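> The sequence isn't on hand, but the structure is:
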């Protein structure tokens, strides 16, 4: 472990939504062994919510968020960030373009989440995915997850909500949470999670950063995987240690960006 | 009110401690009328806790935080912030030096808190102050508060904790909260708040950003003033409106820094 004065500065690309950014920061703080302020992870946080809606853009119904995402990522680089974590699952649809646009590594939220699934312990988990329509339709979790798992000779069965469950429960839940109607969002997500469990899910990924703001382990009988928490843990590990494997090796060396 | 795409970018100088920064951000979010992500206030947040302890520095027992405060404030300016809010009361002991070091205005937490006291309604409030030893001994609240009140022909009586109450209850409470022992901090602060109430306080200022993390209105019979909330409300007002009076007129024009 590095000394706290040498912890590496983590850039948080957030604001999508702002409460999810606060949830991510809280999870970073709670995952850090600390006995005073100075022991905590240094974060520079772009909580700038004026980024076009990611799901609308994916569906061709709104402007692309890419230029705003790049502008805010560069803002973090200019502020001396040495790695970036994106506190929004759906924004990872533009991960490759973002990665090309900045000279520092970006930790992928799916990579952290897939690691977390295997910590639950099942050898061939059946994993339900609650996420935005764009995250589900694009195969963000399924495709990247499978490619990681193939490389590790591991297996996983995916279980997705039906189009009706997405349009009637999952998306209205996420919109409600973004509006501040947490109770409405909570009730809808419990329905969607139970539907996945009833079809055989042995674990459920909360694959949109709004979901862990309301859904709790006590709400459902199967383990919940919280990618926000997985990403937070990875950020703590990355900031405090000399050498952390990001699952997907990056062409650029992390060390070459340190100051 | 401006359109959300024109909201002005607020720089948050935080990390003192990190949970207090998260509390401040949450209060900004909750104070903003919003129905989607894009309606929220844009924040760029320095949550970099490797700043020397403010109270220790004031007591001559540790390094000055000034150079780190200035470096992080400049980081926010470089990231396009148009105003700065400092999510730590004690750090305001270096307010004048910080103000000189950056080309954008800084909203003073005491100014926001003093405004809030008069919203409670008493014509001559007796205000108890819970804060760090440095904030209390330096007269940060009392001197700046009195100077604002004189200008407005208003009156206020101050009630400070005794040196024993500070050393046995208030400072150990703040340290416990920074260590993550919220329950210990909470119990000590209830004692300190009740002592002020018993001596005649008609309101109590929670003048350290760690205090509102645990102390609640339901804990005590007199109204609590939360400067973190006051600063958050002022930030929302400042970001979303064309023309906001900061109590103390600044030599620099805010408009000259807008982009």
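Structure's in. What do you need? Only a predicted model underlies this, so the values are computations on that prediction, with no experimental measurement involved.
> how many neighbours does residue A:143 have?
Residue A:143: 11 surrounding residues under other C-beta atoms under 10 Å in any protein chain shown. Where C-beta positions appear, they are placed from N, C-alpha and C, glycine not excepted.
> Helix or strand for it, just tell me which one.
helix A:140-151 (DSSP states H and E).
> Check residue A:84 too.
Per DSSP H and E: residue A:84 is located in strand A:83-86.
> where does the stretch 1-150 of chain A come near chain B, residue by residue?
For the stretch 1-150 of chain A, the contact set with chain B under C-beta under 8 Å from any C-beta of the partner chain comprises A:4-5, A:7, A:9, A:15-19, A:21-22, A:25-26, A:29, A:34-53, A:75-76, A:78-80.
> next helix or strand past the longest helix along chain A?
In chain A, with assignment by DSSP state H, the single longest helix is helix A:182-198. Following helix A:182-198 in sequence order, the next helix or strand is strand A:203-206 (DSSP H and E).
> Touching that next one from outside, list them.
A:113, A:117, A:120, A:122, A:125-131, A:141, A:193, A:196-197, A:212, A:215, A:220, A:222-228 (C-beta atoms under 8 Å, 6 or more residues apart in numbering or on different chains).
> List the ones among those residues that fall in helices.
Counted as lying in helices by DSSP H, out of the contacts of strand A:203-206, are A:113, A:117, A:120, A:141, A:193, A:196, A:197, A:227, A:228.
> Isn't the second one up against residue A:125?
Yes: here residue A:117 reaches residue A:125: they are 5.9 Å apart, a contact under C-beta atoms under 8 Å.
> Name the residues contacting each of those two.
A:156, A:203.
> ok, back up a step: buried ones among the residues of the stretch 1-150 of chain A next to chain B?
The neighbour count (16 or more other C-beta atoms under 10 Å in any protein chain shown) marks A:4, A:7, A:9, A:15-19, A:21-22, A:25-26, A:29, A:34, A:37-53, A:75-76, A:79-80 as buried among the residues of the stretch 1-150 of chain A next to chain B.
> Could you pull up the residues touching residue A:119?
Neighbours of residue A:119 in contact, by C-beta under 8 Å, 6+ apart: none.
> Got the confidence number for it?
According to the prediction, residue A:119 has pLDDT 83.
> before we move on, what about the one 5 residues further on?
pLDDT for residue A:124: 81.
> Residue A:247 now?
Looking at residue A:247, the pLDDT reads 50.
> related to what we said a few turns ago, narrow the buried ones among the residues of the stretch 1-150 of chain A next to chain B to those in strands?
A:43, A:44, A:45, A:46, A:47 (DSSP state E).
> Going by neighbour count, list what's buried in the helix holding residue A:143.
By neighbour count with 16+ other C-beta under 10 Å, helix A:140-151 contains the buried residues A:140, A:141, A:142, A:144, A:145, A:146, A:148.
> Output the residues you listed as a markdown table; include the columns distance to residue A:94 and pLDDT.
Below are the buried residues of helix A:140-151 laid out as a markdown table (distance: C-beta to C-beta, whole Å; pLDDT from 0 to 100):
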| residue | distance to residue A:94 | pLDDT |
| --- | --- | --- |
| A:140 | 11 | 97 |
| A:141 | 15 | 97 |
| A:142 | 18 | 96 |
| A:144 | 14 | 94 |
| A:145 | 18 | 93 |
| A:146 | 20 | 92 |
| A:148 | 19 | 89 |
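> Could you export those residues to CSV, including columns for distance to residue B:175?
Conversion of these to CSV gives the following (distance: C-beta to C-beta, whole Å):
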residue, distance to residue B:175
A:140, 43
A:141, 42
A:142, 47
A:144, 44
A:145, 43
A:146, 48
A:148, 43
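> can you tell me which of these lies nearest to chain B?
In terms of C-beta to the nearest C-beta, no member of the buried residues of helix A:140-151 lies closer to chain B than residue A:140, at 18.8 Å.
> Go ahead and confirm that closest one touches residue A:89.
Yes: counting by C-beta under 8 Å, residue A:89 is a contact partner of residue A:140 at 7.1 Å.
> Return the subset of the buried ones among the residues of the stretch 1-150 of chain A next to chain B lying in helices.
A:18, A:19, A:21, A:22, A:25, A:26, A:29, A:75, A:76.
> give me every residue that touches the second one.
This means residue A:19. Neighbouring residues of residue A:19 by C-beta under 8 Å, 6+ apart: A:177, A:210, A:213, B:26, B:29.
> For residue A:210, see how far away it is.
As judged by C-beta to C-beta, to the nearest Å, residue A:19 and residue A:210 stand 8 Å apart.
> Common neighbours of the two, please.
Common contacts of residue A:19 and residue A:210 (C-beta under 8 Å, 6+ apart): residue A:177.
> Residue A:209 belongs to a helix?
No: judged by DSSP: H, G, I helix; E, B strand; the rest coil, residue A:209 forms no part of a helix; its state is coil.
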